[in-house]
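A.B. asks: predicted model and sequence below, questions to follow.
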Amino acid sequence: MNSEKLGLNGFEKTLIVIIPILMAVIFYYLPSVVHWIEMIPFLSDNQLINFITGIESSWLNRGLGAVGFISGVFLSVFIYTEILKMEVTRDYVVVDIFDKKSEIQKSDIQCVFK
């Protein structure tokens, strides 16, 4: 029987895979971004910003990059599990969300539109 599967396309799957890499890069350069934020007059007195910009070592950048990558992996897994997947056939529709499958028959769908 012919069926149409609805879900993520290739571009969307690629975006989900890129999230950990992108977050690792953002977290790696976070001290530099915070250094720019320190130049804003009303934020320059913040003790946390002064602490982060005062640390000048490569292990901080690498550690933040690792934290960003790990949080990106968790975010990607969360996004992938929350995606709605559907399979549409002539006689029924299968809805798969949160790894729970529900089958809706054609007669049930017709009752809604009568």
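C.D. replies: Done, it's in.

A.B. asks: C-alpha from now on. contacts and neighbour counts both.
C.D. replies: Fine.

A.B. asks: who touches the helix or strand of the chain with the lowest mean pLDDT?
C.D. replies: The helix or strand of the chain with the poorest confidence is helix 47-54; it has a mean of 74 (mean pLDDT, DSSP states H and E). Helix 47-54 is contacted by residues 31-32, 34-35, 38, 44 when judged by C-alpha atoms under 8 Å, 6 or more residues apart in numbering.

A.B. asks: neighbour count for those - can I get that in CSV?
C.D. replies: Shown next, in CSV, are the contacts of helix 47-54 (neighbours: other C-alpha atoms under 10 Å):
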residue, neighbour count
31, 20
32, 14
34, 15
35, 16
38, 18
44, 15
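
A.B. asks: domain parsing for this protein?
C.D. replies: Following automatic domain parsing, one gets these domains for the chain: 8-83, 84-114.

A.B. asks: most tightly surrounded among these?
C.D. replies: Comparing the domains of the chain by mean neighbour count (mean count of other C-alpha atoms under 10 Å), domain 8-83 ranks first with a mean of 15.

A.B. asks: next, the distance between the ends of that domain.
C.D. replies: One end of domain 8-83 sits 8 Å from the other (C-alpha to C-alpha, to the nearest Å).

A.B. asks: for stretch 50-64, same thing?
C.D. replies: Taking C-alpha to C-alpha as the measure, stretch 50-64 stretches 17 Å from start to finish.

A.B. asks: please compute how far it lies from its chain's middle.
C.D. replies: Centroid displacement of stretch 50-64 relative to its chain, using C-alpha atoms, centre = their mean, to the nearest Å, is 26 Å.

A.B. asks: please save the CA atoms from the helix or strand where residue 35 lies in CSV.
C.D. replies: Element membership for residue 35 (DSSP states H and E) is helix 30-38. Taking C-alpha atoms only, helix 30-38 is exported to CSV below (Å, rounded to 0.1, in the frame of the first residue of the first chain):
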residue,chain,number,x,y,z
LEU,A,30,32.3,33.4,25.0
PRO,A,31,35.2,35.1,27.0
SER,A,32,35.9,37.3,24.0
VAL,A,33,32.2,38.2,23.7
VAL,A,34,32.1,39.0,27.4
HIS,A,35,35.2,41.2,27.0
TRP,A,36,33.2,43.2,24.4
ILE,A,37,30.2,43.4,26.8
GLU,A,38,32.6,44.7,29.4
